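Novice: Attaching a predicted model along with its sequence, questions to come.
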Amino acid sequence: MQQYLEKATSFFEIPIDMRSRFIIILAAAMLIPSFFTPLWVMTMYSNQFPDGLVLNIFSYKLEGGKTPNQDDLKEINSLNHYIGMRPLIDDDFTEFKWIPFVIGGTILLALRVVVLGKMSKLVDLFVMFSYFGLFSLWSFYYKMYIYGHELDPTAAIKVPPFTPPMFGHQTMANFEVYNYPSTGSFFISVMPLLLLVAMWLSRKAWLAKQK
Amino acid sequence: MKQKMSALLFIVIAIAMLIGCGDDKKGRAGARSDVQEAAQKTYVAPGDLDEYYVFKSGGHSGQVYVYGIPSMRHISTIPVFTPYPATGYGFDKESKEMLGGFTWGDAHHPSISETDGDYDGRWLFISDNANNRMARIDLRDFKTKEIFGPIPNVSGNHCSSFVTENTEYVLAGSRFSIPLPRGRYEKIEDYATKFNGVVAGINVDKNSGKMTLGWQVLMPPFNYDLGDAGKGPSKEWGFWTCYNSERAIGKLEVTSTQKDRDYVVAVNWKNAEKAISNGKFKMIGGVKVIDPKDVNDVVFLLPAAKSPHGVDISPDGKYIIASGKLQSITTVFSFEKMLTAIAQKNFSGNEDGINVLNYDAVKDAEVNVGLGPLHTQFDDQGYAYTSLFVESAVAKWKLGSWEVVDKIPVAYNIGHLTAAEGDTKHPDGKYLIALNKLSHGRHLSVGPSQPEASQLIDISGEKMGLLYDAFTEPEPHYAQIIKADKLKPIEVYPKEENKHPKAIWDLKDSKVVRNGKNVEIYAIAVRSSFEPTKIEVNKGDKVTIYMTNIEQTTDELHGFGLNEYNINVVIDPGETKVIEFIADKAGVFPFYCTNFCSALHQEMQGYMLVK
């Protein structure tokens, strides 16, 4: 036990080598696209909408697909009001305030790791960001649960409470709903993987030096 | 000799009528097609789109009908001169004002706006023969945006609405000469001396399309029938045909057909502009009118075979083709020879100050097309197609060699014809539609009120081939065929573009403002309710409803029908309409959405309560 703790402590003391510092910068850069690309995309197909109604969920806003002949977000809200779902509006999503804030903060912390160059700081960053990621997913899932369950009891059409799928496909009334993570999320999930790579490379370099 | 000719003509017409009235099989034998080939060429599978739009004038229905080619399916009706509850046209304040109190018009000749002599797809103009107006439809949303007129001095705006090469002007003119200015009494016996016609160019604003009075030319009391604008070398000219150069009254059928020749009128509109800027005009009816006696370079007459109907300019602008409906020839004038004759003062007469050009000096050819030629269209291979009313056929002939190469029978009695972009500098060829006056026996019987017939003809090959019969409400006088990809209509009015001062977009902003006897209601229509659902007024109040459809999705129209108040307005997505009326009946009146919108459309209703 004692031996294991000592080993762990010495692991936290490992300096981050140059190559890994570049990888951490790259990892931080992976968060930038999340300001420009959607994290999640929900597409709803029906007979009337063969091209689908598209809802792009960004880290800071909702954006419906928009053509000269159709505003998807407006249309989704128009349709949802029949089942008593509250309208999807940016102001109801506290996530749109704290997610960009946390992402910005994470980028700064990543730069801090690059400067201080210590394994413990890198582990902090990794753990914190993983927690943030998982919490965001839960928050997103819970939001969908709330929207699908807190339906206005006076709605014209009564549907049993539901939760839209996080990943994949579900049939809801006359709509085929597909919900998948999108570009922004892919970049975001690459970020912790790069941190792991940086940890592994630094440890490997350190072990080589010990010999 | 003349009597013999008329007798012969009578027999020919009688035979034509007899063939038309004969039993079904005989009639159909006249215009059949290779079934398989025609079916393949016209079948547009469900969900597929047509290749061309056709805009057909609706004649005395006052509307414009939109069809697709090659399917010949009726897609939509654009109301122009007549109220149309289906789209709420003529019920809201704006369209009501545009109609100016008239409840019908005689929609005659449609013209798509042009740039460099080709359709630019911006606007469609159409003339009103009954109330002397000109309408402009915006092809961005297929809506009538402007009705100009009644145009002063113009009486019976038939020889209209042909546009000049860059839509500088839309042509107009008088079919029925009257004492000018309008509103003056003269004895009909003084027709020859105290009545006048005019030919005119209505100015079109380059950017907005808005029409204003351009120039007018005072004309002898003939009947100005049809027209066309020049193109290419002749682009500064407008041309019109006329009948009744006899200046006769009474039964024109007889009195106006005594002379062997009537005229084609040629007006140089550049010189007309100059004459006006040089002050050579009279003010008649508030318009600057040029009297031909005061100018010598504005207007000329070309003698044409008697009672000509159509005049059409060839795609290269070099030929002026006039068809004399009472003869079997189409006369081709050379524009170049016309200019030479004018320069050499080669005149053969004068009508009220207008020089008549020497026929032999300006004529290029007399094409023996067949009986009763009316109108000519063009393809991309240098051929012309002339409709033959009496013969019920279309003749195809070559420009330059003037030989008739093919003829196809149609059912029956063709008036106008229209080819794909067939009156532009660059016709497409491919398709031609015969717009026939009589359809009897070629459709399920619908009683005495018979539709008109439109026949799609394939003109891509050497021989013309009949492809399809379609039927149209009265009465397509002319039509325009434009390639579908030249139009990019919107289907939703974007919220950002709605600048209506009374528009509201949030249900919370709905309100009722009372000011004495004036009640203003700011209302919203959205699936599936009105806001407000209750309108409470006193008998005698003037009610104004500003209704905004806040939808932003294609096809989500809402109607507002008010029972027993004779009101039905349809509001398109993103549009605001104004409904204005006096609540002159007490009681409780339901209002409801008339344009089916959603699963809860039936529930989209409310009450107007009048105390």
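Specialist: Done, it's in.

Novice: looking at chain B, which helix or strand is least sure?
Specialist: Here the helix or strand of chain B ranked lowest by mean pLDDT, DSSP states H and E is helix B:24-29, holding a mean of 44.

Novice: Over to chain A?
Specialist: Min over SSEs of chain A, mean pLDDT, DSSP H and E: helix A:2-12 (a mean of 83).

Novice: what helices or strands is that helix leaning on?
Specialist: Counting contacts by 3 or more CB pairs under 8 Å, 6 or more residues apart in numbering or on different chains; DSSP states H and E, helix A:2-12 packs against helix A:119-149. Where C-beta positions appear, they are placed from N, C-alpha and C, glycine not excepted.

Novice: mind redoing it with 6 Å?
Specialist: Helices and strands touching helix A:2-12, as assessed by 3 or more CB pairs under 6 Å, 6 or more residues apart in numbering or on different chains; DSSP states H and E, are absent.

Novice: Name the residues of it that come out as buried.
Specialist: By neighbour count on 16 or more other CB atoms under 10 Å in any protein chain shown, the buried set for helix A:2-12 is empty.

Novice: ok, then the element right after it?
Specialist: Per DSSP states H and E, the first helix or strand lying C-terminal to helix A:2-12 is helix A:18-29.

Novice: right, and the helix or strand after that next one?
Specialist: Assigned by DSSP H and E, the successor of helix A:18-29 is strand A:40-45.

Novice: For B:T115, what are phi and psi?
Specialist: Phi and psi for B:T115, reported as degrees, to the nearest 10, are phi -130, psi 130.

Novice: What about it, how many residues nearby?
Specialist: Applying other CB atoms under 10 Å in any protein chain shown, we find 13 residues neighbouring B:T115.

Novice: The one 10 residues further on now?
Specialist: Using other CB under 10 Å, the number of residues around B:F125 comes to 28.

Novice: Now do the contacts for it.
Specialist: By CB atoms under 6 Å, 6 or more residues apart in numbering or on different chains, the residues touching B:F125 are B:111, B:136, B:161, B:170.

Novice: does the residue positioned nearest the centre of chain A sit in a helix, a strand or a coil?
Specialist: Residue closest to the average C-alpha location in chain A (CA atoms, centre = their mean): A:S185, at 5.0 Å. Assigned by DSSP: H, G, I helix; E, B strand; the rest coil, the conformation of A:S185 is helix.

Novice: Tell me if I'm right that it and A:P38 touch.
Specialist: No. Assessed by CB atoms under 6 Å, A:S185 is found out of contact with A:P38, at 8.3 Å.

Novice: does the closest residue in space to B:E236 that isn't next to it in sequence count as helix, strand or coil?
Specialist: Nearest non-adjacent residue to B:E236, counting by CB to CB, 6 or more residues apart in numbering or on different chains: B:K270, 4.3 Å away. Three-state call for B:K270 (three-state DSSP): helix.

Novice: Could you check how far B:K270 is from B:P474?
Specialist: 38 Å (CB to CB, to the nearest Å).

Novice: Quick check: which of the contacts of B:F125 has the minimum pLDDT.
Specialist: Ranked by pLDDT, the contacts of B:F125 bottom out at B:S161, which has 94.

Novice: OK, contacts around it?
Specialist: Applying CB under 6 Å, 6+ apart to B:S161 gives the contacts B:109, B:111, B:125-127, B:134, B:170.

Novice: And it, its phi and psi?
Specialist: Here is the backbone geometry of B:S161 (degrees, to the nearest 10): phi -120, psi 40.

Novice: Before I go, just wanted to say thanks for your time.
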